[in-house]
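Visitor: pasting the sequence and the predicted model now:
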Amino acid sequence: MTKKILITGATDGIGLETAKRLYSEGHTLLLHGRNSEKLAATERTLADTKGAGLIFTYKADLSRLAEVDSLAEAIANEHDQLDVIINNAGVMRVPETITQDGLDVRFAVNTVAPYLLTKRLLPLLACDARVVNLSSAAQATVELDALRGKKLLLDDMSAYAQSKLALTMWNHTMAQSSSNQGLVFVAVNPGSLLASKMVKEGFGIAGKSLSIGAKVLGRAALSEEFANASGKYFDNDKGGFGAPHADALDDRKCREVVAAIEKLVAAPT
């Protein structure tokens, strides 16, 4: 059965490769990107391949919470139901690290935006829908003041690792709060040092095939092996489910992170 799948950050890297894979299988895709020209190019690329699903495109800057809200509203206005959300968009090394909302851009894009987008789209999710959150092998203890934008993080990798753990922590809490609803919230490390723009710019290496990440995201979105994986962490470096950073299994710490995010998304933008 074909599905309706939202992929953020779908114009580059793992997101684009995942879109190609899922479109070739006949699924309808909602593609998010920051750049209209790249979205149009992605749509043309997919349309030239073998696929039976429809393609919808949405432009939004996920570093701006107001645009995340607008993205969710645009999707809700055009669709009655979603089967899968793949929160793929992410950043690590950028020229300007503080957003217009006053947040570290890594926390804004990698943690807060997918949380807000998912919360806004919850009413659209099918009863057995899945939310696939792109985590990472890089996870570091979250400094709440940094998440809140009250402390400046000077190291790109530290900010990235904290943002990815924070995402893994809200995935844990959201899975717990939805445990009786049939929804699946799963955090996935798609594989370290894949050939994404982020890896090339951040580490100066070519990286491994993006198909490694696209394949596991497709499995997380659709395969039976992930049907009961809500709240779990899949580590593609090890090829199976495993333990994330210990903080992502600590209910109290997870609730503290979620409370901090909730204050951010509740604040006027």
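Guide: Sure thing, it's come through.
Visitor: which parts of the longest strand along the chain are buried?
Guide: What stands out as the longest strand in the chain, according to DSSP state E, is strand 125-134. Of all the residues in strand 125-134, those buried under the rule 16 or more other Cβ atoms under 10 Å are Leu125, Ala129, Arg130, Val131, Val132, Asn133, Leu134. C-beta coordinates here come from the backbone N, C-alpha and C atoms, glycine included.
Visitor: ok, for the last one, nearest residue in space, not its chain neighbours?
Guide: This means Leu134. For Leu134, ignoring the flanking residues on the chain, the nearest one in space by Cβ to Cβ, 6 or more residues apart in numbering is Asn88 at 5.0 Å.
Visitor: how many neighbours does that neighbour have?
Guide: As a burial measure, Asn88 scores 27 neighbours (other Cβ atoms under 10 Å).
Visitor: mind checking how far it is from His27?
Guide: As judged by Cβ to Cβ, to the nearest Å, Asn88 and His27 stand 15 Å apart.
Visitor: which SS class is Gly182?
Guide: Using DSSP: H, G, I helix; E, B strand; the rest coil, the structure places Gly182 in coil.
Visitor: check contacts around the spatially closest residue to Ala227 that is not a sequence neighbour.
Guide: Computed as Cβ to Cβ, 6+ apart, the closest residue to Ala227 that is not its neighbour in sequence is Val184, at 6.9 Å. Counting by Cβ atoms under 8 Å, 6 or more residues apart in numbering, Val184 touches Asp128, Ala129, Arg130, Val131, Ala175, Phe226, Ala227, Asn228, Ala229, Ser230.
Visitor: and if you look at Ala60?
Guide: Ala60 touches His32, Arg34, Glu67, Val68, Ser70, Leu71, counting by Cβ under 8 Å, 6+ apart.
Visitor: quick check: phi and psi at it.
Guide: The phi and psi values for Ala60, taken as degrees, to the nearest 10, are phi -160, psi 140.
Visitor: roughly how far apart are Val109 and Ser230?
Guide: Distance, Val109 to Ser230, by Cβ to Cβ: 24 Å.
Visitor: these two - which one has more neighbours?
Guide: Val109 (26 against 21).
Visitor: if I read this right, the more buried one contacts Leu62, doesn't it?
Guide: Yes: between Val109 and Leu62 there is a contact at 4.9 Å, judged by Cβ atoms under 8 Å.
Visitor: which residues do those two both contact?
Guide: Common contact partners of Val109 and Leu62 (Cβ under 8 Å, 6+ apart): Ala89.
Visitor: only alpha carbons, please: show stretch 75-86 as CSV.
Guide: Extracted C-alpha coordinates of stretch 75-86, given in CSV (Å, rounded to 0.1, in the frame of the first residue of the first chain):
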residue,chain,number,x,y,z
ILE,A,75,0.4,21.2,4.7
ALA,A,76,-2.8,20.9,6.9
ASN,A,77,-4.7,23.1,4.3
GLU,A,78,-3.9,20.7,1.5
HIS,A,79,-3.9,17.3,3.1
ASP,A,80,-6.3,15.4,5.4
GLN,A,81,-3.9,12.7,6.4
LEU,A,82,-0.2,11.9,6.6
ASP,A,83,1.3,8.5,7.0
VAL,A,84,4.9,9.3,7.7
ILE,A,85,7.0,12.3,8.7
ILE,A,86,10.7,12.1,8.1
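Visitor: list the helices and strands the worst-scoring helix or strand of the chain on mean pLDDT packs on?
Guide: The helix or strand of the chain with the poorest confidence is helix 197-203; it has a mean of 75 (mean pLDDT, DSSP states H and E). If you count contacts as 3 or more Cβ pairs under 8 Å, 6 or more residues apart in numbering; DSSP states H and E, helix 197-203 packs onto no helix or strand.
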